[in-house]
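S.K.: Turn this into a structure:
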Amino acid sequence: MIEVEHLSKSYGAVDAVRDVSFRVDRGEVVGFLGPNGAGKSTTLRILAGFLGATRGRVRIAGHDIAEEPLLARAAIGYMPETSPLYPELRVVEYLGFRAELKRVPRKARKAAVGQALADARIEHMADVLIGHLSKGYRQRVGLADALLGSPPLLILDEPTAGLDPNQIRDVRALIRRLGQERTVLLSTHILPEVEATCTRALVIAGGRLVAEGSIDEIRAMRRTSGLHLGVRGDADRALAIVRAIAGVAGAKATKGAAEGLATIDVDLAASADPVAVAEGAVGALVGAGLGVHEVAPRSASLEQVFSELTGADDAAGPPHEEAGT
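M.R.: Numbers count the residues shown, from 1 in each chain. As a prediction, the model looks like this:
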């Protein structure tokens with residue numbers, strides 16, 4: 001559905017997007033992750049046909065966005081980070097106008113607007129002037145606009161920005177449902193958003209694609225940062241032994257419900273080999289007459305992986321981009 005090959009966008013000497021390549025297949029819900037200023041919104045604007053690329057190629061539903069822009073854009077429902085709404089129009093009037101621009105047939109226009117209002121959960125706001133809406137409801141009008149005409153591809157840039165917790169939950173549920181019927185590319189820097197709605201993620205930092213894969217694959221890209229040890233015996237003695245192992249940066253013990261059982265949570269030094277530390281700890285504990293009934297790596301959260309993948313580039317993002325790009 002989306003094919004991006006060696007995409008770059010430069011503003012003078014500043015490279016906002018740098019040689020990015022990826023693809024999104026039909027039926028996928030893919031998160032496009034990155035810190036503010038990473039190049040997310042610039043990339044999405046190019047995909048949606050609102051911004052020209054400096055180099056590279058983009059195909060949407062098999063159509064080159066530069067050579068066949070009308071055919072490519074007809075397959076897209078695009079929600080920019082800030083939707084360009086008309087405050088003097090009522091919601092239903094605005095959506096009717098947008099449906100006409102999108103060439104929704106006249107006979108189908110009323111039904112299309114009604115469906116978009118229902119999907120975005122704003123039927124009760126249909127006759128309200130857009131200028132009287134809160135930021136959250138304006139976001140939902142932008143989402144309804146993207147849904148008009150049932151495009152097979154949705155490109156959503158920060159779709160839950162400005163929404164309250166209940167609205168966020170509703171939009172996430174809607175994205176999951178839409179993902180059963182359409183392809184969705186969702187840009188965000190909110191990690192729970194990706195974990196709640198997406199099956200795959202692309203991570204961009206400093207204009208470059210630094211990682212891609214399923215959510216579990218992205219999590220696995222982070223080296224193990226710690227260990228859980230289950231021990232039998234004197235917990236204080238076990239803790240002292242573990243803290244003395246080379247490669248251990250810190251450790252704390254939590255006594256278990258049963259007498260003589262404890263869990264030791266181990267933090268590893270940056271250069272430590274998790275396997276070597278685990279072997280050393282088990283050998284030292286057993287050699288001291290203490291039992292070891294569990295050794296497990298501490299699983300990384302998506303937030304930890306995101307920080308590790310993008311942290312070095314976060315401060316070095318393209319200075320011309322506005323916050324949230």
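S.K.: what are the ranges of the helices in the stretch 101-250 of the chain?
M.R.: 106-119, 135-147, 165-178, 191-197, 215-220, 235-243 (DSSP state H, counting those that start in this stretch).
S.K.: ranking these by mean pLDDT, which is last?
M.R.: Of all the helices of the stretch 101-250 of the chain, helix 215-220 carries the lowest average pLDDT, namely a mean of 75.
S.K.: now for the helices of the stretch 101-250 of the chain, which one comes closest to residue 22?
M.R.: Among the helices of the stretch 101-250 of the chain, the nearest to residue 22 by CB to CB is helix 215-220 (13.5 Å). (Glycine included, C-beta is placed from N, CA and C.)
S.K.: any idea how far the residue lying closest to residue 170 once chain neighbours are set aside is from residue 292?
M.R.: Spatially, and ignoring its direct neighbours in sequence, residue 170 is nearest to residue 121 (5.5 Å; CB to CB, 6 or more residues apart in numbering). Remark: distance between residue 121 and residue 292 (CB to CB, to the nearest Å) = 53 Å.
S.K.: Then residue 122?
M.R.: 58 Å.
S.K.: and what of residue 133?
M.R.: Taking CB to CB, one finds residue 133 at 60 Å from residue 292.
S.K.: and if you look at residue 273?
M.R.: Distance, residue 273 to residue 292, using CB to CB: 18 Å.
S.K.: Which one's more surrounded, those two?
M.R.: Per other CB atoms under 10 Å, whichever of residue 273 and residue 292 has more neighbours is residue 292, with 19 against 15.
S.K.: Which of the three states applies to that one?
M.R.: Following DSSP: H, G, I helix; E, B strand; the rest coil, residue 292 is assigned to strand.
S.K.: For it, name its beta-bridge partners.
M.R.: Residue 292 forms beta bridges with residue 231, as assigned by DSSP bridges.
S.K.: again, but for residue 154
M.R.: Applying DSSP bridges, one finds that residue 154 bridges with residue 77, residue 184.
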